[in-house]
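1. Prediction below, plus the sequence it came from.
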Amino acid sequence: MKGRKWFSVIAAAIFSIFWAAQSMAAVEVQWWHAMRGSRGEVVDTIVKAFNDSQSDYKVNAVYKGEYDEVVNAGVAAVRAGKQPHILQSFEVGTQTMMLSGAVYPVYQLMKDKGYDIDWKAYLQPVLSYYMDKDGNLMSMPFNSSTPVMYYNVDLFKKAGIDAPLSKTDPVTWDQMGEMTKKLVDSGVPGGMVTAWQSWTQVENYCAMHDLPFASQANGYEGLDTELLINNPKQVNHIARLKSWMDDNRFFYGGQKYQGPKSEFIAQNAGIYIDSISGIAKLKDAVKDFKWDVAPLPVEAWMEKPQNSIIGGASLWVFKGHSDKEYEGVAAFMNHLAQPEMQILWHKETGYFPITIGAYEQLREEGYYKENPYQEVGIKQLTRREPTKNSRGLRLGYFVQIRNIINEELELVWNGSKPPKEALDAAVARSNKKLREFESIYK
Amino acid sequence: MLRKRSYFDSKRLPYLLILPQILVTVTFFYWPAVQGLAQSFMLSDPFGLHSRFVLFDNYVRLFKDPLYLRSIVITLTFSASTAALAITTGLLLATLANRVFQFKNIIRTFLIWPYAVAPAISGILWLFLLHPSFGVVAIAIKKYLGVDWNPVLRGSDAMVMVIMASSWKQISYNFVFFMAGMQAIPKSLIEAAAMDGAGPFRRFWTITLPLLSPTLFFVTVMNIIFSFFETFGIIHTVTQGGPGGATNILVYKVYQDGFIGLNLGSSSAQSILLMALIITITLLQFKYVEKKVQYTG
């Protein structure tokens, strides 16, 4: 009896030593991210798949809060010399991260660690947002989405509008005017609402109509960039939306998505513009009417509309770690780009796959036949090769600039300022921020 | 001779005893304040790898920015309204509750409850009531009263909403202090006045209020400080400073520019100015208002 007890103690000791040695042998890679809830679970699945597939590296994914909280955690960590290997940062922080001097560019990392990656096999409009001016990828795109248009099929039919709309060819803004008019005439309280107005009605409007959002190729080619959103076409678009407010063809539901979304769900608006990642939310919330997805409207004069631009976040690698650890980081980045992982990510979260291979495979599987909503965004994003105006935006203090645009648009909506004056003010105020940002790096 | 008082010879002991307190104060108050002051003279990227000393540039830029000046006006309006509303309502409720004889304790407990609610939660609660798209009360007043209520679009409506949410929370706090203050007023004074023929209002104005003035002064100072700083959670959940910057109070602007916008120089300069402003206001209160306060005993 006593002998058996000793035996089990010794066995346990040996086992734990081996186990400890085992876990010490694996190089740890820290990844701080902002994905919680169901998205967080998918992140954990992807990480587990990586950790189980090999024993040399162990990725440790930690949820650090919302996007801004993750970035701030990263900032504090870099200042304290305790930075993680990988940090997820939102797209508007791209310029700040790029210029920080604290990051190890992803293209460089992959090259150094012997991964010969054909970047052409990736969805270009996604990559281009995170490339420097020479086309080198600075950070690995992770979760990317783009705005689309949701519409209430039942209300459309009641108003006598032909539905469903095409999933590839966008309607024109003139048609939008007619459709929203019919909706309002048929008794719907409002025509359209939009979430994230700066992103959907200014940034994407410029990109799709091949208009520069800012000089120096939207900031890609120099810090001495200036905003150009007070151009006549953009002003005309805002003025048109403002004029639609008079007869409720358009009404304002707030800067973010909650207000506009609830107006759409309550059937107070027949059309709702928001990110493609809203599909999951609408599927859960809408029970009493049929809805569908269409590409964002474009102007009648734009015969070949450009790609829309993305929103979301990418993964940045910080400097200051050992070679061995970077091998782990590179292996993990490579793992993320595998078709199985991309397909899992896309199916579970609705964010885009980043490789063409994954997209093709999904198509062959017939995924988009069953889920036609999902493809609208990808088609809109990939309908043209990105131009200098549609590959992305690269501005310092972009968060504050978006804030300025939001504020000035609100002043248009509540009648405090005419559209031209508001956009002029947005440009002037943003340019001050841009000059301030530029002077940091002189 | 019996000496009861014990004393210590050591000259170092007192310093040793207050050392922990000094350490805490220096680490958590002075050190960050000095860091903030230093940062406010610099222009730097968030990671601190590029920074330049720019002297007063950050401050000059703020004073040239019409929006910053507007934010000061918004803050003062917001604070004054919130404090005024919270104090008058708190005082009214305390006076009424003081006159109740039945269920006194239950009524008091219910009136104190909102203070236990965190500002952010209070904001969310009011948002659920007053948001034009999904607020129950908002939909009702739009439908039945015909009021075109829209805090998402109109700055004045948004201001009303955040003032209500902020003062609602603070009313309970004021209520507790006024209640305690009233308990300390000798009943005999009030009874004597009543016998001399003073009505309830007269008694309130000539006896209760003057004797309550120390409490009133304390509560005013605390309310102003509350509405300057702690209302952050309410603004953050209800309006995020919008629409069109109409509710962008100073403390929220500090957060927006610093934490979200990563413009640390400007944000630090704003913190320093905010600190200076609140110190000035509090000093003014002590200098001019406190003279009118009658301390007893």
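-> Thanks, I have the structure now.

2. What is the longest helix seen in chain B packed up against?
-> In chain B, with assignment by DSSP state H, the single longest helix is helix B:66-99. Where contact means 3 or more CB pairs under 8 Å, 6 or more residues apart in numbering or on different chains; DSSP states H and E, helix B:66-99 is packed against helix B:104-112, helix B:155-183, helix B:209-225, helix B:250-255. C-beta here means a position set from N, CA and C on the backbone, and glycine is covered the same way.

3. Would you format those as JSON lines with distance to A:Thr387 and mean pLDDT included?
-> Compiled in JSON lines, the helices and strands packed on helix B:66-99 are given as follows (distance: least, CB to CB, whole Å; pLDDT from 0 to 100):
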{"stretch": "helix B:104-112", "distance to A:Thr387": "63", "mean pLDDT": "85"}
{"stretch": "helix B:155-183", "distance to A:Thr387": "38", "mean pLDDT": "92"}
{"stretch": "helix B:209-225", "distance to A:Thr387": "53", "mean pLDDT": "91"}
{"stretch": "helix B:250-255", "distance to A:Thr387": "37", "mean pLDDT": "94"}
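
4. Tell me which of these lies nearest to A:Phe90.
-> Nearest of the helices and strands packed on helix B:66-99 to A:Phe90, taken as CB to CB: helix B:250-255 at 17.1 Å.

5. So the closest one, near chain A or not?
-> No. Residues of helix B:250-255 are not located near chain A by CB under 8 Å from any CB of the partner chain, the shortest gap being 9.8 Å.

6. Might you quantify the distance of that helix from its chain's geometric centre?
-> What separates the centre of helix B:250-255 from the centre of its chain is 14 Å, taken as CA atoms, centre = their mean, to the nearest Å.

7. quick revisit: which stretch among the helices and strands packed on helix B:66-99 comes nearest A:Met110?
-> Minimum separation from A:Met110 across those (CB to CB) falls at helix B:250-255, 37.2 Å.

8. ok, then the element right after that closest one?
-> Downstream of helix B:250-255, the first helix or strand assigned by DSSP states H and E is helix B:264-284.

9. follow-up on the earlier one: make a markdown table out of the helices and strands packed on helix B:66-99 and add mean neighbour count.
-> Output for the helices and strands packed on helix B:66-99, formatted as a markdown table (neighbours: other CB atoms under 10 Å in any protein chain shown):
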| stretch | mean neighbour count |
| --- | --- |
| helix B:104-112 | 13 |
| helix B:155-183 | 21 |
| helix B:209-225 | 18 |
| helix B:250-255 | 22 |
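
10. Is it possible to get CSV of those that adds distance to A:Ile86?
-> Below are the helices and strands packed on helix B:66-99 laid out as CSV (distance: least, CB to CB, whole Å):
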stretch, distance to A:Ile86
helix B:104-112, 48
helix B:155-183, 39
helix B:209-225, 42
helix B:250-255, 27
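
11. Tell me which of those lies nearest to A:Trp6.
-> Nearest to A:Trp6, of all the helices and strands packed on helix B:66-99, is helix B:250-255, at 61.3 Å by CB to CB.

12. which residues are in contact with that closest one?
-> Helix B:250-255 is contacted from outside by B:68, B:71-72, B:75, B:228-229, B:231-232, B:235-236, B:240-241, B:267, B:270-271, B:273-274, B:277, using CB atoms under 8 Å, 6 or more residues apart in numbering or on different chains.

13. Try it again at 10 Å.
-> Applying CB atoms under 10 Å, 6 or more residues apart in numbering or on different chains, the contact partners of helix B:250-255 are A:68, B:62, B:67-68, B:71-72, B:74-76, B:78-79, B:227-236, B:239-241, B:245, B:261, B:266-274, B:277-278.

14. Drop anything exposed from those residues.
-> The neighbour count (16 or more other CB atoms under 10 Å in any protein chain shown) marks A:68, B:62, B:68, B:71-72, B:74-76, B:78-79, B:227-228, B:231-236, B:239-241, B:245, B:261, B:266-274, B:278 as buried among the contacts of helix B:250-255.

15. Identify each buried residue in the longest helix of chain B, please.
-> Result for helix B:66-99 [16+ other CB under 10 Å]: buried residues B:68, B:71-72, B:74-76, B:78-79, B:81-83, B:85-87, B:89-91, B:93-95, B:97-98.

16. go on, stretch A:117-136?
-> Quick answer for stretch A:117-136 (16+ other CB under 10 Å): A:Ile117, A:Tyr122, A:Leu123, A:Gln124, A:Pro125, A:Val126, A:Leu127, A:Ser128, A:Tyr129, A:Tyr130, A:Met131.

17. and after the helix or strand where the fifth one lies, which helix or strand comes next?
-> A:Pro125 is part of helix A:124-127 when elements are defined by DSSP H and E. As assigned by DSSP H and E, the chain's next helix or strand after helix A:124-127 is strand A:140-145.

18. list the helices and strands the next helix or strand after that next one packs on?
-> Counting by DSSP H and E, the next helix or strand C-terminal to strand A:140-145 is strand A:147-152. Contacts defined by 3 or more CB pairs under 10 Å, 6 or more residues apart in numbering or on different chains; DSSP states H and E place strand A:147-152 against helix A:173-185, strand A:190-194, helix A:258-265, strand A:269-275, helix A:278-285, strand A:291-294, helix A:372-381.

19. Partner strands of strand A:147-152 and their direction?
-> Looking at strand A:147-152 with DSSP bridges, its partner strands are strand A:269-275 (antiparallel), strand A:291-294 (antiparallel).

20. Just tell me which of these ends up closest to A:Phe332.
-> Among the strands paired with strand A:147-152, strand A:269-275 sits nearest to A:Phe332 (CB to CB), with 26.4 Å.

21. Looking at residue 31 now. What's its pLDDT?
-> Defaulting to chain A. As predicted, A:Trp31 sits at a pLDDT of 97.

22. Chain B was what I was after
-> 93.

23. Among the helices and strands packed on helix B:66-99, which comes closest to A:Gln255?
-> That would be, of these and by CB to CB, helix B:155-183, which comes in at 12.1 Å.

24. where does the stretch 151-297 of chain B come near chain A, residue by residue?
-> B:151-157, B:239-246, B:248, B:255-266 (CB under 10 Å from any CB of the partner chain).

25. at 7 Å what do you get?
-> Applying CB under 7 Å from any CB of the partner chain, one finds that the stretch 151-297 of chain B approaches chain A through B:152-154, B:242-245, B:256-257, B:259-263.

26. Can I get the residues you listed in a markdown table including pLDDT?
-> Formatted as a markdown table, these follow (pLDDT from 0 to 100):
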| residue | pLDDT |
| --- | --- |
| B:Val152 | 89 |
| B:Leu153 | 89 |
| B:Arg154 | 91 |
| B:Gly242 | 80 |
| B:Pro243 | 91 |
| B:Gly244 | 87 |
| B:Gly245 | 89 |
| B:Gln256 | 90 |
| B:Asp257 | 90 |
| B:Phe259 | 88 |
| B:Ile260 | 86 |
| B:Gly261 | 86 |
| B:Leu262 | 88 |
| B:Asn263 | 89 |
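
27. Is it possible to get TSV of those that adds distance to A:Asn231?
-> Output for those, formatted as TSV (distance: CB to CB, whole Å):
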residue	distance to A:Asn231
B:Val152	28
B:Leu153	26
B:Arg154	29
B:Gly242	25
B:Pro243	25
B:Gly244	22
B:Gly245	24
B:Gln256	28
B:Asp257	28
B:Phe259	32
B:Ile260	28
B:Gly261	25
B:Leu262	28
B:Asn263	27
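
28. This completes my enquiry, with thanks.
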